[in-house]
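Participant: Structure for the following, please:
(2 chains)
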Amino acid sequence: MNKILIQGNHVIGEAAIRAGCRFYAGYPITPQNELTEYMAENIRKVEGGTFIQAESEIAAINMILGASAAGARAMTSSSSPGISLKQEGISSMAADELPGVIVNIMRGGPGLGNILPSQGDYYQATRGGGHGDYRTIVLAPDSVQELADLTMDAFDLADKYRNPVLILADGMIGQMMEPVVFGEPRPRKYDESYVLKGAGKGRSRFIRGLILDALKMEEHNWKLHRKYQAIEQREKRCEISRTEDADLLIIAYGTAARIAKGAIKRSREAGMKVGLIRPITLWPFPDHVIREFSDKVENFLVFEMNTGQMLDDVKLALNGRGHVHFYGRPGGVVPTPVELAKVIAHHYNNNRSLDED
Amino acid sequence: MTKTIFAGFGGQGVLMMGYSYAHAAMNEGYEVTYLPSYGAEVRGGTANCTVAVSDDEIASPIASEPDYLVVMNNPSLYMFQNRITLGGVIFLNSSIIEARPTRKDLEICEIPAGEIATELGNPRVQNIVVMGAYVKKTGRISPDAYLKSLKKIMGEKKKSIMDVNRKAFTAGYELLS
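Facilitator: Numbers count the residues shown, from 1 in each chain, chains lettered A, B, ... in the order given. From the prediction side, this is the model:
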């Protein structure tokens, strides 16, 4: 076991290269610059590896679209405002059914905002993000180790469903160093028939997102929809912790989930039975798990570093059952476990008195 | 769990202090996080990083109330002295820092790192002098464990550089008895 101390941004680059990523295009933006830097240094050292510092975020996403169509495992990365610029290209990749990995190391927003950790891009990430009727798989790590594992998984999922996959983390996960052990990447499975590499003597191949005929476009939409349904059936992931006897459940992802774990530890020491549901895939959202808990738990506290976005998905999952509370800190503020523990105590004690009435 | 903020001017090696300690603690089997300050505010000005070391999973890598504070310059002392936990320890580079903490609950370790490093013939190793004192006082990892990590981090750099760093570390370590 070779454990190394490594920064989140670097880990994405290293895991991507190990997973067979051979094309990276990006444009600098804090707090993900170390990833672009790492790729500039290292992807060229592997056979067939290409690094391009693009002239813009828009150019970068369209370069990975092209590289993906030509059969490469391809990745681009940016932070919130830069990800907004990439949305047209992500929509095109979804329409063209092209695999690709897009990394968003979120910062405070809207607009240019600031460079601090935030979770304001949840809606954008989980609702497609660009125009049209499509979805992207969204993976949300809460540690540098998980970032390594999910980066490798992202390439496999992108190939398996021929769809863009987003890695959604924030400045804290990107900047932080933690011990990491890299797993073994799986061999790539991607049918050659999807790759544009010159027809030769065979039939011409087309990858096309412009479909002017309404019925054909509708057919394509339903085809994509069936694919998204299959993803929803198979790929939901979440971690549950300390839920066995819980009468209040926190629902949080990424950095917020780490903070929640610290708060839950404190709350437990104070005798409060609190547990955590941590979605790892934000789309598809692990709603089935939350729904199951509503049989035995009455109170849910959604905790996000925004003003309440995943909150909607939790309410949809519960469909009117239970009480849903919310605590959030937007704008680049990183709340503390002590702070959240106070919020937990407030709700916990309030609900106690309600139950006793 | 203990959290430490290392702070100073960019160029004094404060990120190296935090990184080398986190590296050593990881190799000793602890859970660790290392979080550097990043962005516009560090260019040409002050730099700092936070290291958390724990037996268990670490929730937040940020230290709102650090147990230890290592300061290499005046601005860092002003910035962080009132954030440190009640009864915490400040390691202070007394070669440069004229001010002293106003709080009476803190333990202060004054380290004339500049003078010691200059005597050793390389003023750049003053950060490692302070690390000697820090490792001694905090006592969580052994001096050997720290030096082993430092050697690994320095990698292929010239042997003489590791030698002066080892001397610097030992001088700092022996300063606190």
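Participant: and residue B:177, how many neighbours?
Facilitator: When neighbours are counted by other Cβ atoms under 10 Å in any protein chain shown, residue B:177 registers 5. The way it works is simple: take the backbone N, C-alpha and C, and place the C-beta from them, glycine included.
Participant: what about it, distance to chain A?
Facilitator: According to Cβ to the nearest Cβ, to the nearest Å, residue B:177 stands 31 Å off from chain A.
Participant: cool, residue B:106 as well?
Facilitator: If you go by Cβ to the nearest Cβ, the gap between residue B:106 and chain A works out to 21 Å.
Participant: phi, psi of that residue?
Facilitator: phi -90, psi 150 (degrees, to the nearest 10).
Participant: Nearest spatial neighbour of residue A:62, chain-adjacent residues omitted?
Facilitator: residue A:89 (5.1 Å; Cβ to Cβ, 6 or more residues apart in numbering or on different chains).
Participant: can you give me the mean pLDDT across the host helix or strand of the one you found?
Facilitator: Using DSSP states H and E, the element containing residue A:89 is helix A:87-96. For helix A:87-96, mean pLDDT rounds to 98.
Participant: pLDDT below threshold where in the chain?
Facilitator: In the absence of a named chain, this looks at chain A. Along chain A, segments meeting pLDDT under 70 span A:1, A:352-357.
Participant: Please refer instead to chain B.
Facilitator: The model of chain B has pLDDT under 70 over residues B:39-44.
Participant: where exactly do the strands run in it?
Facilitator: Using DSSP state E, the strands assigned to chain B run over residues B:2-9, B:31-36, B:46-54, B:68-71, B:89-93, B:107-111.
Participant: can you check chain A too?
Facilitator: Applying DSSP E to chain A gives strands spanning A:4-7, A:21-26, A:50-53, A:73-78, A:100-106, A:137-139, A:164-170, A:177-180, A:238-241, A:248-251, A:274-279, A:281-283, A:299-304, A:323-328.
Participant: Output the second one as PDB, restricted to C-alpha atoms.
Facilitator: Provided in PDB are the C-alpha atoms of strand A:21-26 (Å, rounded to 0.1, in the frame of the first residue of the first chain):
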ATOM      1  CA  CYS A  21      -7.200  10.100 -19.800                       C
ATOM      2  CA  ARG A  22      -5.100  11.100 -22.800                       C
ATOM      3  CA  PHE A  23      -6.500  14.500 -23.700                       C
ATOM      4  CA  TYR A  24      -6.900  17.500 -21.400                       C
ATOM      5  CA  ALA A  25      -7.900  21.000 -22.300                       C
ATOM      6  CA  GLY A  26      -8.400  23.800 -19.800                       C
END
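Participant: packing partners for that strand?
Facilitator: helix A:33-42, strand A:50-53, helix A:57-69, strand A:73-78 (3 or more Cβ pairs under 8 Å, 6 or more residues apart in numbering or on different chains; DSSP states H and E).
Participant: same check, this time on the last one
Facilitator: Secondary structure elements in contact with strand A:323-328, counted by 3+ Cβ pairs under 8 Å, 6+ apart, are strand A:299-304, helix A:310-318, helix A:337-356.
Participant: nearest to residue A:238, of these?
Facilitator: Residue A:238 lies closest to helix A:310-318 among the helices and strands packed on strand A:323-328, at 11.1 Å (Cβ to Cβ).
Participant: isn't residue B:7 right next to residue B:76, touching?
Facilitator: Yes: counting by Cβ atoms under 8 Å, residue B:7 touches residue B:76, with 3.5 Å between them.
Participant: picking up where we left off before, tabulate the strands of chain A (JSON lines), appending mean neighbour count.
Facilitator: JSON lines is the format used below for those (neighbours: other Cβ atoms under 10 Å in any protein chain shown):
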{"stretch": "strand A:4-7", "mean neighbour count": "21"}
{"stretch": "strand A:21-26", "mean neighbour count": "26"}
{"stretch": "strand A:50-53", "mean neighbour count": "16"}
{"stretch": "strand A:73-78", "mean neighbour count": "29"}
{"stretch": "strand A:100-106", "mean neighbour count": "29"}
{"stretch": "strand A:137-139", "mean neighbour count": "26"}
{"stretch": "strand A:164-170", "mean neighbour count": "29"}
{"stretch": "strand A:177-180", "mean neighbour count": "25"}
{"stretch": "strand A:238-241", "mean neighbour count": "18"}
{"stretch": "strand A:248-251", "mean neighbour count": "27"}
{"stretch": "strand A:274-279", "mean neighbour count": "24"}
{"stretch": "strand A:281-283", "mean neighbour count": "24"}
{"stretch": "strand A:299-304", "mean neighbour count": "24"}
{"stretch": "strand A:323-328", "mean neighbour count": "18"}
